[in-house]
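[1] here is a sequence with its predicted model. Questions after.
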Amino acid sequence: MAAHPIHPAVVHFPLGLLLTSTAADLAHLAGVWPEPRFAAWLVVWGLAGGLVAMAAGLIDFRRLTDRQAPHALRHMATVAVAWMGYAVALYLRRDVLAGAAEPPIASVVVAVLSAAVLAFGGWLGGELVYRYGAGRLLD
């Protein structure tokens, strides 16, 4: 395990939870999903998992080359913006967790924008691995 990067193993959970929360919000707005708290709880768990993924990314960052580091910093900044956006969306819908009927539309808008930024950040992470070779075990 010591030679393998940790970040790629844990990043899929928060990505999936956060993006699914946005899909659940849109399904709720469309009237095909009746439970508004589902998306809010997905955000809670996605943000918590994101902290784990960020910590793992920082651990893996020390292994990057000088060529890879600038790309990793772009990935990190983009994903951090998305994480903060989802945190704002959760704050805006804090009453939903307490039992309020509907999430505020501002929360859903912030979540949709955060999903777009998160998807772009995930693409940057893929570029870091597949184009720039981050995390490859060569020896």
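    Perfect, I can see it now. Numbering: from 1, shown residues only.
[2] burial of L90, as a residue count?
    Residues lying near L90 (other Cβ atoms under 10 Å) number 24. All C-beta spots, glycine's among them, are computed from the backbone N, C-alpha and C.
[3] pLDDT score assigned to it?
    Note on L90: pLDDT of 96.
[4] and for it, nearest residue in space, chain neighbours not counted?
    Closest residue to L90 apart from its sequence neighbours, by Cβ to Cβ, 6 or more residues apart in numbering: V43 at 4.7 Å.
[5] next up, the contacts around the one you found.
    Listed by Cβ atoms under 8 Å, 6 or more residues apart in numbering, the contact set of V43 reads 17-18, 21, 86, 89-90, 93, 111.
[6] any low-confidence regions in the protein?
    Applying pLDDT under 70 to the chain flags the ranges 1-3, 137-139.
[7] which residue is nearest the middle of it?
    The centre of the chain sits closest to L15, judged by Cα atoms, centre = their mean, with a distance of 4.3 Å.
[8] how about the contacts of V43 in JSON lines, adding secondary structure and distance to A119?
    JSON lines is the format used below for those (DSSP: H, G, I helix; E, B strand; the rest coil; distance: Cβ to Cβ, whole Å):
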{"residue": "L17", "secondary structure": "helix", "distance to A119": "14"}
{"residue": "L18", "secondary structure": "helix", "distance to A119": "10"}
{"residue": "S21", "secondary structure": "helix", "distance to A119": "13"}
{"residue": "Y86", "secondary structure": "helix", "distance to A119": "13"}
{"residue": "A89", "secondary structure": "helix", "distance to A119": "15"}
{"residue": "L90", "secondary structure": "helix", "distance to A119": "19"}
{"residue": "R93", "secondary structure": "coil", "distance to A119": "21"}
{"residue": "A111", "secondary structure": "helix", "distance to A119": "13"}
